[in-house]
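Student: What follows is a predicted protein model with its sequence.
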Amino acid sequence: MIPYGRQSISDEDVAAVVAVLRSDFLTQGPAVPRFEAEVARIVGARHAVAANSATSALHVACLALGLGKGDFLWTVPNTFVASANCGVYCGASVDFVDIDPVTLNMSVPALEAKLADAERRGRLPKVLVPVHFAGEPCDMAAIGALARRYGVRVIEDASHAIGARQAGRMVGDCAHSDVTVFSFHPVKIVTTAEGGMAVTQDERLAERMALFRSHGITRDPALMQGAVEGPWFYQQLELGYNYRMTDLQAALGLSQLSRLEAFAARRQGLAARYDRLLAGLPVALPYRDAANLSALHLYPVQVARRASVFDALRAAGIGVNVHYFPVHLQPFYRAMGFAAGQFPAAEAYYDRAITLPLHPALTEAEQDHVVSSLRAAL
């Protein structure tokens, strides 16, 4: 089966993990801060906080921004459930903004209209989570301007988008947001097996996220209350979580980062080849803005009769997938009152969506098989 995505592990990656195994620290050692510093350097952020998943990173980002009961978090329906669940974890209410049918990212006109209506009703969100779907950056300049106008905090869900650029700026420099979150799951551009990272330009937010990541505990005397009893002393200041990344994971991530540009180039080449091979077929190809550099985490196409095409491709040994079943139609969110028809662009996209294989190890022969099988299925 040709997978839609998979990790690319080199001998250097293996050696980096083995070196940690033979060191004094398997966790809470020097590899995690080195990994944080390198991600921050690459994306142009001042601070980075590693976590054991992007879901955890989204959660601590929401906590650091003070999201809680009585607040609202908005995201898009076309995403993994974590983009919405992070608000529920904090006791907030969740709502959605429909996507643009071309870019498949958050629709700026829909956001503008929804914000204006929410202001009239006194129900503005505290946190907005735009998602860089498939690695294509959202229109963050427009989204950020609207957020500033209405006093909304912004967390970019860039789980698909490490290495992406918009208008010459790296996704993650937080020029139009408070926090950006990356994922390092095995199917993502760079992997730490499981892992995530929140980056920010705000030192106070970074401190808060790091505190929530590690049980709410600090060993920093400057943050403690009352007398410090000795070098062994620590205090729990908040109800935090054990969301720490291990040194094993960070070492793998550091090694992977050295190939970020090579991974990106391979994905760009394969995507361009798909574009050529699929030209003329009754297939809607994924949108890419020429002013941006997509990270190309996914190559989602849209077809008629999706179910039959999906089954035919699976029967041909091709591990196609669908990204995403709209979050508002999940049973958990339907129980909150969401229903079909509320976000028609996301629902229409889902009805036609198939994600074709795209990863650095994909060969041209495998890609030819994908294309010929898709042509036959159509």
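Tutor: All right, it came through fine.
Student: Just the CA trace of the lengthiest helix in the chain, in CSV.
Tutor: In the chain, taking DSSP state H as the definition, the longest helix is helix 260-278. Written as CSV, here are the backbone C-alpha positions of helix 260-278 (Å, rounded to 0.1, in the frame of the first residue of the first chain):
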residue,chain,number,x,y,z
LEU,A,260,13.8,20.8,6.1
GLU,A,261,14.8,22.5,2.8
ALA,A,262,15.4,19.2,1.1
PHE,A,263,12.0,17.9,2.3
ALA,A,264,10.3,21.0,1.0
ALA,A,265,12.1,20.8,-2.4
ARG,A,266,11.0,17.2,-2.8
ARG,A,267,7.4,18.0,-1.9
GLN,A,268,7.4,20.9,-4.3
GLY,A,269,8.8,18.8,-7.1
LEU,A,270,6.3,16.0,-6.6
ALA,A,271,3.4,18.4,-6.3
ALA,A,272,4.4,20.1,-9.6
ARG,A,273,4.6,16.7,-11.2
TYR,A,274,1.1,15.9,-10.0
ASP,A,275,-0.1,19.2,-11.4
ARG,A,276,1.3,18.2,-14.9
LEU,A,277,0.1,14.6,-14.9
LEU,A,278,-3.4,15.5,-13.7
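Student: Go through it and flag the buried ones.
Tutor: Judged by neighbour count (16 or more other C-beta atoms under 10 Å), helix 260-278 contains these buried residues: 260, 263-264, 266-267, 270-271, 274, 277-278. Where C-beta positions appear, they are placed from N, C-alpha and C, glycine not excepted.
Student: can you put the residues you listed in TSV and add distance to residue 284 and pLDDT?
Tutor: Below are the buried residues of helix 260-278 laid out as TSV (distance: C-beta to C-beta, whole Å; pLDDT from 0 to 100):
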residue	distance to residue 284	pLDDT
260	29	98
263	26	97
264	24	97
266	24	98
267	20	98
270	18	98
271	15	98
274	13	98
277	15	98
278	10	98
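Student: quick check, nearest of these to residue 364?
Tutor: Each of these was scored against residue 364 by C-beta to C-beta, and residue 270 proved nearest at 8.3 Å.
Student: for the closest one, what are its contacts?
Tutor: Neighbouring residues of residue 270 by C-beta atoms under 8 Å, 6 or more residues apart in numbering: 299, 358, 362, 367.
Student: now with 6 Å?
Tutor: By C-beta atoms under 6 Å, 6 or more residues apart in numbering, the contact list for residue 270 reads 358, 362.
Student: Look up how far residue 305 lies from it.
Tutor: Using C-beta to C-beta, to the nearest Å, residue 270 is found at 25 Å from residue 305.
Student: Number of residues surrounding residue 329?
Tutor: 17 (other C-beta atoms under 10 Å).
Student: The nearest residue to it once chain neighbours are set aside - how many residues pack around it?
Tutor: Closest residue to residue 329 apart from its sequence neighbours, by C-beta to C-beta, 6 or more residues apart in numbering: residue 340 at 6.3 Å. Using other C-beta under 10 Å, residue 340 has 11 other residues around it.
Student: out of everything not next to it in sequence, what's closest to residue 314?
Tutor: Nearest to residue 314 is residue 320, by C-beta to C-beta, 6+ apart, at 6.5 Å.
Student: measure residue 70 to residue 90 for me?
Tutor: 11 Å.
Student: do the same with residue 359
Tutor: Distance of residue 359 to residue 90, given as C-beta to C-beta: 34 Å.
Student: who has more neighbours, these two?
Tutor: The residue with more neighbours, out of residue 359 and residue 90, is residue 359; 23 against 19, by other C-beta under 10 Å.
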